[in-house]
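Predicted structure and sequence below. I'll ask about it afterward.
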Amino acid sequence: MTNTFLTFGFIATTSSFLFVSIHAANSYSWQPSVSLTANLDEPQALGFCLDIVGFGNGMDCQRLQAHSCKSAGADTQFEYHAPTQSVRAVNYNSDCESIEENGGISTCVVAKAIEAGAGLGLAACDRSDEQQFGLNGD
């Protein structure tokens, strides 16, 4: 399997751009998962994954973060959709409703602005520039 990398910024970092792996680079190696390729300073060496802010009824799908990777977690499952160059939430729509219960409609990661340091959230997929992420392979 080749490693595939996607570049975009996290609001939770001081760097404008970080590389993330479409295939889990964390210690759990479960898929689908979007994780940083570097462990950085995660105290338990779990790595950092893309994650919806909050938990259970307190989730906020308008805010995404880099969070310690989990062995399981519906709120950390994302996949890259090559035809539209988008990153899609596997389990939730932009209102944090279960996609399975919502007719299987995909939700895309959206940048709040196209600038360094902009936050990320979820929105209905519309192929806008704010939902397109360049893919670099190695």
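Looks like it arrived, so ask away. Numbers count the residues shown, from 1 in each chain.

how about low-confidence regions in this protein?
For the chain, applying pLDDT under 70 flags the ranges 1-33, 102-103, 135-138.

hey, where'd the strands end up in it?
If DSSP state E is used as the criterion, the strands of the chain fall at 4-8, 18-21, 35-36, 48-53, 60-68, 78-81, 86-89, 107-111, 120-124, 135-137.

can you put those in JSON lines and add distance to Glu100?
Heads up, the C-betas are built off the backbone N, CA and C, glycines and all. Shown next, in JSON lines, are those (distance: least, C-beta to C-beta, whole Å):
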{"stretch": "strand 4-8", "distance to Glu100": "25"}
{"stretch": "strand 18-21", "distance to Glu100": "25"}
{"stretch": "strand 35-36", "distance to Glu100": "23"}
{"stretch": "strand 48-53", "distance to Glu100": "16"}
{"stretch": "strand 60-68", "distance to Glu100": "15"}
{"stretch": "strand 78-81", "distance to Glu100": "15"}
{"stretch": "strand 86-89", "distance to Glu100": "12"}
{"stretch": "strand 107-111", "distance to Glu100": "12"}
{"stretch": "strand 120-124", "distance to Glu100": "16"}
{"stretch": "strand 135-137", "distance to Glu100": "27"}
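
Let's have the ones you listed in a markdown table, adding distance to Glu97 and mean neighbour count.
As requested, the strands of the chain are exported to a markdown table (distance: least, C-beta to C-beta, whole Å; neighbours: other C-beta atoms under 10 Å):
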| stretch | distance to Glu97 | mean neighbour count |
| --- | --- | --- |
| strand 4-8 | 24 | 17 |
| strand 18-21 | 25 | 20 |
| strand 35-36 | 25 | 24 |
| strand 48-53 | 12 | 24 |
| strand 60-68 | 9 | 19 |
| strand 78-81 | 16 | 19 |
| strand 86-89 | 11 | 23 |
| strand 107-111 | 9 | 23 |
| strand 120-124 | 11 | 19 |
| strand 135-137 | 28 | 10 |
